[in-house]
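> Mind folding the following:
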Amino acid sequence: MTQYRVRPPTRVQELALTAALERPEQSRAAWTELLGGSVEIPALDAGSFRLLPLIYRNLGADGNDVPAGNILRGIYRQAWYRNQVAGAALAGVIGELQAVGIESMFLKGWAVVELGYKEPGTRPMNDADLLVRPKHFERACDVLIANGFEPVSGVGRSQKGRRTFHAVAFRNATGIDIDLHHHMLEECCWNHADAGVWERSSSQAFGTTTVSVLSPEDLLINLCVHGVRWDPVPPLRWIADAVTLIRAQELDWELVAAESARRGVSIAMEAALSEVSRFEPVPGDVLEALGRLKRSALERIDFRAQQSRDSMPGMVTRYLTRYLRLTARRGVAVRGTAFPVYLQGMWELDTARQVPAEGLWRVLARLRGRQPVRELQRVEAPSEGKISA
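Presented below is the predicted three-dimensional model:
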């Protein structure tokens, strides 16, 4: 039994996962219980809502023989349509990058669609995570801007801001989001951290172009480590993504363990795979191997902070530990001066000069028992029709 656990799902979230991932009989029983005798889909948290298209497919229904099946079918069709629109825009960007000699690679959602789901309607997305080599990152940012994408926050408009983070978020006028990465994970942003990722990747057809895709092993790490990070509502979809990937691919588990150790993310992987194993078996020796690895104090403190409650002490700890991990192996001078830029990006501010006032406002909001407005809006966005990857 692992000593590290992810935040447990609520009963509703547990039912949603069961309906999305288990065999038809269990799936239908969980879905019926989730509805509670209603023919309408109740108000769901963001994590559960995002599983509805997968639940639709897993129920094996045409929308007529399952409670609220017609609503599920409509949500599935909406997800399919949104993905077609986002995919077309994304293929155009990938083609523009290729035209100037920049290779790009799918991370997270679009990668698991290629290697796991195979049917994009089951995995709602309105954004994409693209990885380019660090030496091409600035040029790639210019290509996105030339094609109508703008940085979501002020950090994306300066070289210092771009270099502080492992990725920069862009959005175009139609609301398509692209997170452009120069490193796969924020925990591993040192030189050549992703060299093996590029070597192990494969090329896949995508629309009228081609794109590189992570190996199944690297993708599993990408999904799990990103998935167990703190979020106001646990993003359950990473569990469905990981289970689907394991079911679809033969994985080199020794490589998974070795890469987790090299990257310093073995705690996150141990906890994540323990959670995944409730739905799909994970080799016990892999969990044991991960559990025996030496972990730094920062890795331990950071993981516990990611699983902590939504409190001001937890929030402050998360900001500090994430920043220290993001800037690991950078010079002391850089780490000392880039923290305001980091907070600027986390709070989506236009300039770092806004950080002190914003920080004070957030502290006061917490002391009054309220969430900062931006965080609340992110939680409520799916109920307004926005589905993100």
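> quick one: low-confidence parts of the stretch 1-150 of the chain?
Residues of the stretch 1-150 of the chain that meet the criterion pLDDT under 70 lie in 1-2, 39, 61-64.
> Roughly how far does the nearest residue to R77 once chain neighbours are set aside sit from P53?
Spatially, and ignoring its direct neighbours in sequence, R77 is nearest to G121 (7.4 Å; C-beta to C-beta, 6 or more residues apart in numbering). In this view, the C-beta of every residue, glycine as well, is placed from N, C-alpha and C. G121 sits 6 Å away from P53, going by C-beta to C-beta, to the nearest Å.
> Need the overlap of contacts for these two.
The contact sets of G121 and P53 overlap at Y76, A79, W80 (C-beta atoms under 8 Å, 6 or more residues apart in numbering).
> Quick one: buried ones out of the residues you listed?
Among these, those that count as buried by neighbour count (16 or more other C-beta atoms under 10 Å) are Y76, A79.
> now the strands: where do they sit in the stretch 201-350 of the chain?
202-206, 209-213 (DSSP state E, counting those that start in this stretch).
> so of the ones you listed, which one's packed in deepest?
Most buried of those, by mean neighbour count (mean count of other C-beta atoms under 10 Å): strand 209-213, with a mean of 20.
> contacting residues around the spatially most central residue of the chain?
The residue lying closest to the centre of the chain (C-alpha atoms, centre = their mean) is H226, at 5.0 Å. The contact partners of H226, taken as C-beta under 8 Å, 6+ apart, are K108, L185, W238.
> Point out where the stretch 251-389 of the chain drops to low pLDDT.
Applying pLDDT under 70 to the stretch 251-389 of the chain flags residues 371-389.
> I'd assumed M315 was in contact with Q306.
No. Using C-beta atoms under 8 Å as the test, Q306 is too far from M315 to be in contact (11.4 Å).
> how many neighbours does G74 have?
Neighbour count for G74, taken as other C-beta atoms under 10 Å: 13.
> Beyond the helix or strand where it lies, next helix or strand please.
G74 belongs to helix 69-99 when assigned by DSSP states H and E. With elements assigned by DSSP H and E, the helix or strand that comes after helix 69-99 is strand 104-107.
> How far off centre is the helix or strand harbouring R163?
Following DSSP H and E, one finds R163 within helix 159-164. In terms of C-alpha atoms, centre = their mean, to the nearest Å, the centre of helix 159-164 is set 21 Å apart from its chain centre.
> Report the mean per-residue pLDDT for that helix.
Mean pLDDT, computed over helix 159-164, is 86.
> mind listing what's buried in that helix?
Buried residues in helix 159-164 (16+ other C-beta under 10 Å): G161, R162, R163, T164.
> Go through the residues you listed and name the one nearest R278.
Minimum distance to R278 across the buried residues of helix 159-164 is 36.9 Å, recorded for T164 (C-beta to C-beta).
> Around V341, count how many other residues there are.
A count of neighbours around V341, defined by other C-beta under 10 Å, yields 22.
> no, scratch that, I was asking about Q84
Neighbours of Q84 under the rule other C-beta under 10 Å: 12.
> can you check G47 too?
A count of neighbours around G47, defined by other C-beta under 10 Å, yields 25.
> same deal with E348?
Look at E348: counted by other C-beta under 10 Å, it has 14 neighbours.
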